[in-house]
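Show me the folded form of this:
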Amino acid sequence: MRIITQQKLGGPDVLTIVDAPEPQPLPTEVLVRVKAIGLNPLEARLRAGEFPLLGPPPFVLGWDISGVVEDAPRTWRFRPGDEVFGMPLFPRAAQAYAEFVAAPALHLVRKPAALSHVEAAALPIVGLTAWQGLVDLGGVTEGDRVLIHGGGGGVGHVAVQIAKALGAHVIATAGASKREFVEGFGADAVIDYATVDFAEVVRDIDVVLDTIGGDSAERSLGVLRPGGHLVTAVAEEDAQLADRCAAAGVRFSGIAVDPDPIALRGLVGLVERGELRVHVQETFPFERVADAHRVLDGGHLRGKVVLTV
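Model prediction:
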């Protein structure tokens, strides 16, 4: 099979396609013939050496996959021919930039007919981050007021839809060019962060979901109601921020997203009910992975970037 690997840290051009043996599934694993690979900004940071999650090169990036089960010799969960998607092994290396991936069967779910392989590959990391932040940690319920920072990004646009499906009143921050995009996913209000200070115009928020970092999380403390909840997907290990939340009388949670078949099935349920769609900004063939990473490096994404295999 072909894999995309890198021998050194650096820009998109360090990514190279080489031949490698097909992985052999362990007990409880399946071998997936990959049809599409979802790309995430984290992978650009790992490629460049900004975040040493996978150690020194050589390594193979990637976690989000959608494909077809090729072999399932020692698990009862799937059979060859099943269409599946998921985010196996995160944060350990799943080596998903490849034509075949061996993955724990428990980390995958069946792909619904309502999603193409490209759409399914775009969903796991952003969908699980949003679900775990809003449902598992935030406990969002009908009537809650929810503020989502970065509503036009990968996690953000999915989070807007999940919060709406839960019955929340949703306010999102985004650039002016993304206003209609975010409104199209159901946001009740969109604040242009470049011209309006959200901290001056928003009040009585039950849950803040921060997907962008910087000072957005700390500045959100003043918009939360007493006992409200700050959930961050960026500063999950910021002990000082946690202390400031406690001093302000609000709760603090950080998301370290992990594989979760229950949440994946929850996302599938929303998709099948027409309450969730994932936006793919651009697709690239496997061979143009460097071009895809240049898009990641450019930032300001609308939704996701996906490789097709």
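
contacting residues around residue 256?
Residue 256 is in contact with 91, 236, counting by Cβ atoms under 8 Å, 6 or more residues apart in numbering. (C-beta placed from N, C-alpha, C; glycine too.)

Confirm it sits in a helix?
No: the assignment for residue 256 (DSSP: H, G, I helix; E, B strand; the rest coil) gives coil, which keeps it out of a helix.

where's residue 185 relative to residue 279, distance?
Counting by Cβ to Cβ, to the nearest Å, the gap from residue 185 to residue 279 is 8 Å.

Looking at these two, which is more packed in?
Under the criterion of other Cβ atoms under 10 Å, the comparison of residue 185 against residue 279 puts residue 185 first, with 22 against 17.

Correct me if wrong: residue 205 contacts residue 140.
No: shown here, residue 205 and residue 140 do not form a contact pair, counting by Cβ atoms under 8 Å, at 11.2 Å.

Identify the contacts common to those two.
Residues touching both residue 205 and residue 140 (Cβ under 8 Å, 6+ apart) are residue 146.

Which of these two has more residues huddled nearby?
Between residue 205 and residue 140, counted using other Cβ under 10 Å, the more crowded position is residue 140 (25 against 22).

can you list residues touching both of residue 185 and residue 279?
Common contacts of residue 185 and residue 279 (Cβ under 8 Å, 6+ apart): residue 157.

Phi, psi for residue 176 please.
Note on residue 176: its backbone torsions stand at phi -60, psi -30 [degrees, to the nearest 10].

Okay, it and residue 228: tell me how far apart.
With the distance defined as Cβ to Cβ, residue 176 ends up 27 Å from residue 228.

higher neighbour count, these two?
residue 228 (23 against 12).

Apart from its chain neighbours, what residue comes closest to that one?
Distance criterion Cβ to Cβ, 6 or more residues apart in numbering; nearest residue to residue 228, sequence neighbours excluded, is residue 250 at 4.8 Å.

now residue 114
The shortest distance from residue 114 to any residue other than its chain neighbours is 5.3 Å, reached at residue 271 (Cβ to Cβ, 6+ apart).

Can you verify my assumption that the one you found contacts residue 165?
No: applying Cβ under 8 Å as the test, residue 271 and residue 165 come out as separate, 10.6 Å apart.

These two: who's more crowded?
Between residue 271 and residue 165, counting by other Cβ under 10 Å, residue 271 is the more crowded of the two (22 against 19).

From residue 127, how far out is that one?
According to Cβ to Cβ, residue 271 stands 9 Å off from residue 127.

quick one: the spatially closest residue to residue 300 that is not a sequence neighbour from residue 196, how far?
Beyond its immediate neighbours in the sequence, the residue positioned closest to residue 300 (Cβ to Cβ, 6+ apart) is residue 175, lying 7.1 Å away. Distance of residue 175 to residue 196, given as Cβ to Cβ: 11 Å.

Enumerate the strands of the stretch 201-309 of the chain by residue range, in sequence order.
If DSSP state E, counting those that start in this stretch is used as the criterion, the strands of the stretch 201-309 of the chain fall at 205-210, 224-232, 251-254, 280-285, 304-308.

Among those, which comes closest to residue 89?
In terms of Cβ to Cβ, the element of these nearest to residue 89 is strand 304-308, at 18.2 Å.

got the contact list for residue 125?
For residue 125, the contacting residues are 38, 40, 42, 63, 64, 87, 90, 154, 257, by Cβ under 8 Å, 6+ apart.

Surely it is in a helix?
Yes: residue state for residue 125 (three-state DSSP) corresponds to a helix.

tell me the pLDDT at residue 120?
Looking at residue 120, its pLDDT stands at 98.

Okay, domains of this structure per the record?
Using the TED database, the domains assigned to the chain come out as 2-124+259-308, 138-254.

Can you lay out the ones you listed as a markdown table showing distance to residue 131?
Formatted as a markdown table, those follow (distance: least, Cβ to Cβ, whole Å):
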| stretch | distance to residue 131 |
| --- | --- |
| domain 2-124+259-308 | 4 |
| domain 138-254 | 6 |
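
out of these, nearest to residue 132?
Of all these, domain 2-124+259-308 comes closest under Cβ to Cβ, at 6.3 Å.

Name the residues of the lowest-mean-pLDDT helix or strand in the chain that are buried.
Here the helix or strand of the chain ranked lowest by mean pLDDT, DSSP states H and E is helix 216-219, holding a mean of 90. Applying a neighbour-count criterion of 16 or more other Cβ atoms under 10 Å, one finds 216, 217, 218 buried in helix 216-219.
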